[in-house]
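Student: Need a 3D model of the sequence below.
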Amino acid sequence: MAYLNEVNAATVAEWLANFGNCPNNIYNPFQDNEISFTKRAYNALSGNNTNHINIYFGLDESLNQKMIAVGAYTLDQFDGEETDGFVDILNPEGIYELYSNTVITLSQARAYINKWESENKGSNLFKVSFLLPRPNFIKLFVEDQADVVRIFFGMDNANALKVMQTNPSAGSGAIVLNRSFPCPAMCPKEGIK
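Tutor: This next block holds a predicted model:
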């Protein structure tokens, strides 16, 4: 039985092939430079497994890739009239750059994201970020006790980017999860951007 949004191996292979065959793919450098999300970073952002994770694409001034992760929560009736959507949690100690596995400042994060946008907004593939729901990480970090989760990309037959997560230490039998929500269209009501 598949776990929630588990992707089977054949679909993963198809999405990876589609991704590799996409000309002018602005996400290739991110795929080439593997993204590792450590348990330490997850624990700092997850709020005891209550938060989602929002990942942003970024570039520094030299156009080096940056992948920024923050915790995010779903708005509910206690947040006022606007209950549809989510908000980034901008804790000064809770903005991680995943390639360096370090905490960065909000101003650094904004500079990286703005550079990504200025370089790539004209691409039909452009996305600012993806919200990755907490059940994905509860499965991988808590239930499967992964120390690191690999985040990687595929593309479906409609040319939609698919953000997948897996436990690299589990080998060929590792579960791959793919549920995510891109911005645009699903952007935080309040956040880094």
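Student: residues making contact with the lengthiest helix in the chain?
Tutor: When the chain is scanned for its longest helix (criterion: DSSP state H), the result is helix 106-120. Contacts to helix 106-120, defined as CB atoms under 8 Å, 6 or more residues apart in numbering, come from residues 26, 56-61, 63, 66, 68, 70, 90, 92, 95, 97, 126, 128-129, 192-193. Where C-beta positions appear, they are placed from N, C-alpha and C, glycine not excepted.
Student: Of those residues, keep whichever come out buried.
Tutor: Among these, those scoring as buried are 26, 56-59, 66, 68, 70, 95, 97, 126, 128-129, 192-193 (criterion: 16 or more other CB atoms under 10 Å).
Student: in stretch 133-148, what counts as buried?
Tutor: Under the neighbour-count criterion of 16+ other CB under 10 Å, stretch 133-148 has P133, R134, P135, N136, F137, K139, L140, F141, D144, A146, V148 buried.
Student: where's the fourth one relative to N167, distance?
Tutor: Spelled out, it's N136. According to CB to CB, to the nearest Å, N136 and N167 sit 11 Å apart.
Student: Repeat that for the first one.
Tutor: When distances are taken as CB to CB, P133 and N167 turn out to be 17 Å apart.
Student: Under a three-state scheme, what state does the residue positioned nearest the centre of the chain occupy?
Tutor: Central residue of the chain (CA atoms, centre = their mean): I55, 3.7 Å from the mean position. Assigned with DSSP: H, G, I helix; E, B strand; the rest coil, I55 falls in the strand class.
Student: Around I104, how many other residues sit close by?
Tutor: I104: 17 surrounding residues under other CB atoms under 10 Å.
Student: thinking again about what came up before, now the longest helix of the chain: how far from the chain's centre is it?
Tutor: Counting by CA atoms, centre = their mean, to the nearest Å, helix 106-120 is centred 16 Å from the centre of its parent chain.
Student: And stretch 8-19, by the same measure?
Tutor: Relative to its chain's centre, stretch 8-19 lies at 18 Å (CA atoms, centre = their mean).
Student: Contacts for it, please.
Tutor: Under the contact criterion CB under 8 Å, 6+ apart, stretch 8-19 has outside partners 2, 7, 25, 27, 31, 153-157, 159, 161-162, 164, 176.
Student: Now list the buried members of the residues you listed.
Tutor: Buried by 16+ other CB under 10 Å: V7, N25, Y27, Q31, F153, G154, M155, L161, K162, M164, V176, out of those.
Student: Let's have those residues in TSV, adding pLDDT and distance to A44.
Tutor: Listed next are the buried ones among the contacts of stretch 8-19 as TSV, based on pLDDT from 0 to 100; distance: CB to CB, whole Å:
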residue	pLDDT	distance to A44
V7	90	27
N25	95	31
Y27	97	25
Q31	95	25
F153	96	24
G154	96	28
M155	95	31
L161	95	26
K162	95	26
M164	95	22
V176	90	24
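Student: now, which of the residues you listed lie within strands?
Tutor: Among these, DSSP state E puts F153, G154, M155, L161, K162, M164, V176 in strands.
Student: Much appreciated, bye for now.
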